[in-house]
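> Could you look at this predicted model? Sequence included:
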Amino acid sequence: MPAAPGQIVLLAAGMGTRLGDLNGGLPKAMFEAGGAYLIDRALDFAQLLGASERIVVGGFRHDLVAGHLAKQARPALRIVENTHYRIGNLMTLETALPHVRGGFLLMNIDHVYPSAVAQRILAQPGEHITAFVDFDRPLGADDMKVGLDAHRHVQKISKQLPTWDCGYVGMTYVPAARLARYVEAVAAVRATVGDPANVEGVLQRLADDGEPVAIGDISGIGWHELDTPEDVARALPALAELR
């Protein structure tokens with residue numbers, strides 16, 4: 001069965017502090033780059049995947065995000081609020097999980113993908129929990145790095161890896177048959193790491209426990225992360241063409 005998510009969870013609770021003055025105190029989801037807000041770009045991309053529902057988890061200045069989306073009247077959209085948005089983003093995922101019914105795709109809203117990435121996602125096998133990666137992007141100190149085992153499953157995932165095989169691109173697919181196992185790993189990470197826990201730590205916990213975490217390769221397409229002013233400056237010329 002291909003990786004065709006029934007639901008998409010969009011992590012949109014962030015404050016965007018690393019964007020500095022560019023963001024003007026707005027939530028990161030409402031940062032405008034290349035003529036479109038990040039939340040709108042993420043939802044447009046999610047629509048290409050054909051999911052029955054999109055779950056947006058807001059946090060910082062949630063009223064602005066919810067109000068913006070309410071004006072659009074997008075179909076099959078659920079908006080929920082993480083009131084503890086100042087701690088690690090695992091809490092944002094945990095806020096969404098009570099609304100997840102089966103297979104879903106987890107997305108960061110500060111990552112902008114061309115439509116070809118959606119086609120690549122839908123072409124992936126969907127048997128295992130799958131972390132989407134690329135092999136052609138140069139990785140810096142703040143990028144999430146992935147080390148693979150002999151089966152090309154995720155063995156290690158961290159920004160601090162001294163050596164790695166590829167980079168995580170901010171999306172994880174969880175098939176319905178593995179949802180309970182994924183939720184168990186979320187709870188385990190919460191119990192051991194606490195407030196600083198992030199969603200990538202769930203993949204590490206699964207790998208440590210022997211759960212196969214496959215990779216979905218989107219190499220050769222290109223995408224943009226908008227986390228800092230430097231990221232924005234690099235991405236702007238291409239973003240205008242993606243809208």
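Yep, that arrived. Numbering: from 1, shown residues only.

> Contact partners for A3?
By CB atoms under 8 Å, 6 or more residues apart in numbering, the contact set of A3 is L105, I121, L122, Q124, P125, G126, T130, Y173, P175, G216. For glycine as for every other residue, the C-beta is placed from the backbone atoms N, C-alpha and C.

> now do V9
Contacts here follow CB under 8 Å, 6+ apart; on that basis V9 touches I55, V57, L93, A96, V100, F104, L105, L106, M107.

> Looking at this structure, name the residue that lies furthest from the middle.
A150 (25.7 Å; CA atoms, centre = their mean).

> Between the contacts of A3, which sits nearest A240?
In terms of CB to CB, no member of the contacts of A3 lies closer to A240 than I121, at 23.8 Å.

> if I look at the closest one, how far off is A70?
28 Å (CB to CB, to the nearest Å).

> same thing with V154?
38 Å.

> does Q119 count as helix, strand or coil?
Under DSSP: H, G, I helix; E, B strand; the rest coil, the three-state class of Q119 is helix.

> rewinding a little: check the contacts of V9 against G140 and report the nearest one.
M107 (21.5 Å).

> pLDDT (mean, whole number) over the helix or strand hosting that closest one?
Taking DSSP states H and E as the criterion, M107 maps to strand 104-108. When pLDDT is averaged over strand 104-108, the result is 96.

> Give the pairing partners of whichever helix or strand comes after that strand; include direction for each.
For strand 104-108, the succeeding helix or strand toward the C-terminus, using DSSP H and E, is strand 111-112. Strand pairing for strand 111-112, using DSSP bridges, gives strand 224-225 (antiparallel).
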